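> Here is the input, now give the coordinates:
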Amino acid sequence: MDRREFLIGGAWVGAVAVAGCSGGGDGEPTTTDEQTGTEDQGPTDGGGTTTDETTTEETGETTTEEGPAVVFGDLYAMETNYVAEVEIDDPGVTTEVRYYGDDWYQRFEDDEGNRIELYRVDSDDYAVIDGEQCFRNPGASLTPDADVDSDAETYGSKPDVDLEPSGTDEIDGETVYVFDVSGPDVEGVLTFYVSASTGYLRRIEAEWGVIVFHSWGDVEPITPPDMECQEFPS
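Next up, the predicted model:
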């Protein structure tokens with residue numbers, strides 16, 4: 001997990017580039033076959049093992065068979081349009097990131113009220129400082145480095161594809177699988193919450209803060225700031 005640094009009026013403000021990478025497969029919802037009485041319960045235990053319960057109508061007996069375990073690589077799904085909200089505990093920065101294909105918008109605000117908004121629209125960059133000054137193509141001093149696009153794949157590719165969940169939880173009434181990720185390329189421990197029904201990433205918890213994901217596939221196109229923007233002096 002990399003922390004991106006932005007220089008705003010001489011003060012460093014930390015931020016995080018967020019997102020996921022392409023995956024595949026949706027979770028299996030609970031379904032019932034009325035003719036056979038077979039009910040697919042989906043994953044039921046903390047390790048992600050699936051179970052199929054079959055009830056014989058004549059005898060009333062129920063048999064349970066274990067199916068293949070849920071693994072991150074089969075569950076995780078991705079859209080190019082989504083929103084991520086980031087809260088970094090130290091130095092106390094809140095961030096909103098919206099992605100729409102290759103275009104994106106990022107808003108950073110620190111505890112002192114300093115605010116910067118960054119846009120990339122049709123390969124042009126914009127930086128708006130405290131809602132008052134707008135610069136077009138401001139260069140490296142006010143925009144993320146060139147890794148922002150590749151970093152968008154960091155979260156989805158971070159866990160091993162065969163990683164099984166440690167359990168399940170619920171976010172806004174939606175069942176999610178919990179994946180605990182650690183290793184030499186991870187800062188502390190990352191806890192991923194992935195939707196069981198859609199495979200979309202819903203939340204990441206880390207020692208440095210929290211990222212909440214939402215609006216997968218439901219983001220309005222990114223447009224340039226609605227104000228006069230001057231070219232940044234070279």
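
> pull the helix or strand with minimum mean pLDDT from the chain.
Among the helical and strand segments of the chain, the one scoring lowest on mean pLDDT, DSSP states H and E is strand 11-15, with a mean of 31.

> give the contact list for the closest residue to H214 other than its chain neighbours.
Here the nearest residue to H214 in space, its sequence neighbours aside, is V83; by Cβ to Cβ, 6 or more residues apart in numbering that works out to 5.5 Å. (C-beta placed from N, C-alpha, C; glycine too.) Residues near V83 by Cβ atoms under 8 Å, 6 or more residues apart in numbering: E96, V97, R98, Y99, F213, H214, S215, V219.

> any idea which element the second one lies in?
In the assignment (DSSP states H and E), V97 maps to strand 93-100.

> hmm, back to that, now, of the contacts of V83, which are buried?
For the contacts of V83, a neighbour count by 16 or more other Cβ atoms under 10 Å gives the buried set as V97, R98, Y99, F213, H214, V219.

> For R136, state which of those residues is nearest.
In terms of Cβ to Cβ, no member of the buried ones among the contacts of V83 lies closer to R136 than R98, at 19.3 Å.

> Tell me how far the closest residue in space to T223 that isn't next to it in sequence lies from L75.
The shortest distance from T223 to any non-neighbouring residue, by Cβ to Cβ, 6+ apart, is to V121 (6.5 Å). V121 sits 33 Å away from L75 when distances are taken as Cβ to Cβ, to the nearest Å.

> go on, V212?
The value you get for V212 to L75, if Cβ to Cβ is used, is 19 Å.

> what about these two, which has more around it?
Neighbour comparison, V212 and L75: the larger count goes to L75, with 26 against 17 (by other Cβ atoms under 10 Å).
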